[in-house]
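A.B. asks: Just the structure for this:
(2 chains)
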Number of protein chains: 2
Amino acid sequence: MAGGPEIERLVLLLSKLPGLGPRSARRAALFLLKRRALVMEPLAAAMADAAAKVRPCSRCGNLDTIDLCSLCADSRRDGSIICVVADVADLWAMERSGAFRGQYHVLGGLLSALDGVRPEDLSIGRLAARVPDEAVEEVVLALNATVDGQTTAHYVAERLEPTGVRVSRLAHGVPVGGELDYLDEGTLAAALKARR
Amino acid sequence: MAGGPEIERLVLLLSKLPGLGPRSARRAALFLLKRRALVMEPLAAAMADAAAKVRPCSRCGNLDTIDLCSLCADSRRDGSIICVVADVADLWAMERSGAFRGQYHVLGGLLSALDGVRPEDLSIGRLAARVPDEAVEEVVLALNATVDGQTTAHYVAERLEPTGVRVSRLAHGVPVGGELDYLDEGTLAAALKARR
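C.D. replies: Numbers count the residues shown, from 1 in each chain, chains lettered A, B, ... in the order given. Predicted coordinates:
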C-alpha cells in the first residue's frame, strides 16, 4: 500500500474490528491520520490504558479496572438478588435500562450444541456457589430469548434448584428471537418489572 | 457506564470512527477487551506509531512516514506525468488498480460552494508550480464524476492552461455520479487507459 508498512498495519488491524471491512478500515485509518491530536492519539492512549487496567471481576465476571468491580463493590446495590447475563454487553444493556439495582453474574456465553459450548465452559458452578455464600434470595435470568438462551436458562435454573433460591426470568416483553443487546431501555425495564 | 471511565472513554472515542455508531462502538470495545494481546495492544501500538511517524508529503500531499513520500522518491516512476486526486483515499484506489506508474498530486478536497471549499483551500497553486519545476508533460485529472469533482477538474484545467501542459481526464468508464474510492480496480484501470 502507498504510504508504507505503518499505514498498512493500521488498516489491517482496524479491519479486524466488528463492523469494519477492508474498505471501511481504510476510511477509518485516513480519518484517524487526519485527526491525529483530536482522535488518533487519545484513542491509542485509551486503548493502551484499557488494555493495561481492565480485567474481569473475580466475583461476577464484569469488566472493570478494579477487582471486585465497581458494581460488586457498591454497597448500595441489593446483594440479595443476582441478575444472570450471558455477556458483559448484556450487563451494559441492563445497566442502561436503569431498572436493576442488584448484583450481576456474567456466564461468559450461552450453551450451544452448534458452537460446542458446554456447561463447564460457562461460570455456572461459580454462580451456584455464590447463592449460599452471599445469601442470595432471587436469581433473575436475563438471557436472550433465543433457543440457546432459553436452553441455558433452563439448565441454570435446574442447577440452582438444590440451593432453593427463587429463580425468575425476564417477562415476555423481550421479543421472541430477539437479542438483549439490541433492545431499547424501556422494553428492558418493563420486562424486568414483569419478571415471573 | 458499568466498568469505569476507562471503558467509557474507549467507547466514546471508538464511536467517532466513520461507520461506528454508539452501539457498534460498544461492541468494538468489548471485542477489543476480549482480544487484548491479539488485537487491542497491537492496534494501540500501530496507532501511536502511525500518529508519531506519518506526515503529508511536502511535494504531493500523500501520507507517508518519509518525506518525500515513497512514491515521490521512487525513481522508477514516470516523473513526466502527474495524476491529480482529491484525497489520499483516491490515491490508494489508483494504486490498487496498478495501472498508473507516474507521480501524484493530492488536492486535499474538491471545490464546493455548499461546503465552502474555495480554490485557495486546495493545493492547486502548488500543482501549477510543479508542472514547470518537474518538466511535467501530462496531468491526468482523476476526480470524482460528481458535480464538485467535474467543477474542480474544469477549474484545475483552466489554471494549468498557461503552463501548456497536456491535461487529460479519466475516461467515462467511471460511472456518472459515482465516487472514485468505491470503484473496483478493473474499472479504474480501464478508465485510465481510455483517458482523453
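A.B. asks: Got the domain ranges for chain A?
C.D. replies: A:5-53, A:63-193 (automatic domain parsing).
A.B. asks: What's the end-to-end length of the last one?
C.D. replies: To tie it back to what came earlier, the one meant is domain A:63-193. This stretch, domain A:63-193, spans 26 Å end to end (C-alpha to C-alpha, to the nearest Å).
A.B. asks: what are the phi and psi angles of residue A:82?
C.D. replies: For residue A:82, the backbone dihedrals (degrees, to the nearest 10) come out as phi -120, psi 130.
A.B. asks: Equivalent analysis for residue A:169, please.
C.D. replies: Dihedral angles for residue A:169 - degrees, to the nearest 10 - are phi -130, psi 160.
A.B. asks: Let me have the domains of chain A in a markdown table, adding distance to residue B:99 and mean pLDDT as columns.
C.D. replies: Backbone N, C-alpha and C define where each C-beta goes, glycine included. Formatted as a markdown table, the domains of chain A follow (distance: least, C-beta to C-beta, whole Å; pLDDT from 0 to 100):
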| stretch | distance to residue B:99 | mean pLDDT |
| --- | --- | --- |
| domain A:5-53 | 19 | 93 |
| domain A:63-193 | 44 | 91 |
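A.B. asks: Looking at those, spot the one closest to residue B:159.
C.D. replies: domain A:5-53 (24.9 Å; C-beta to C-beta).
A.B. asks: ok, and does that closest one reach over to chain B?
C.D. replies: Yes. Domain A:5-53 is in contact with chain B by C-beta under 8 Å from any C-beta of the partner chain, via A:6-7, A:9-10, A:13-14, A:16-20, A:23-24, A:26-33, A:36, A:39-51, A:53.
A.B. asks: if we can go back for a sec, with distance to residue B:91 and mean neighbour count as extra columns, can I get the domains of chain A in CSV?
C.D. replies: Listed next are those as CSV, based on distance: least, C-beta to C-beta, whole Å; neighbours: other C-beta atoms under 10 Å in any protein chain shown:
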stretch, distance to residue B:91, mean neighbour count
domain A:5-53, 10, 19
domain A:63-193, 38, 17
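A.B. asks: want to throw those into CSV with distance to residue B:190?
C.D. replies: Output for the domains of chain A, formatted as CSV (distance: least, C-beta to C-beta, whole Å):
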stretch, distance to residue B:190
domain A:5-53, 20
domain A:63-193, 43
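A.B. asks: Nearest to residue B:156 among the ones you listed would be which one?
C.D. replies: Residue B:156 lies closest, by C-beta to C-beta, to one member of the domains of chain A: domain A:5-53, at 21.8 Å.
A.B. asks: and the closest one, how far out from the chain's middle?
C.D. replies: Domain A:5-53 sits 23 Å away from the centroid of its parent chain (C-alpha atoms, centre = their mean, to the nearest Å).
A.B. asks: How much space separates residue A:108 from residue A:91?
C.D. replies: From residue A:108 over to residue A:91 the distance is 11 Å, taken as C-beta to C-beta, to the nearest Å.
A.B. asks: Cool, thanks, signing off.
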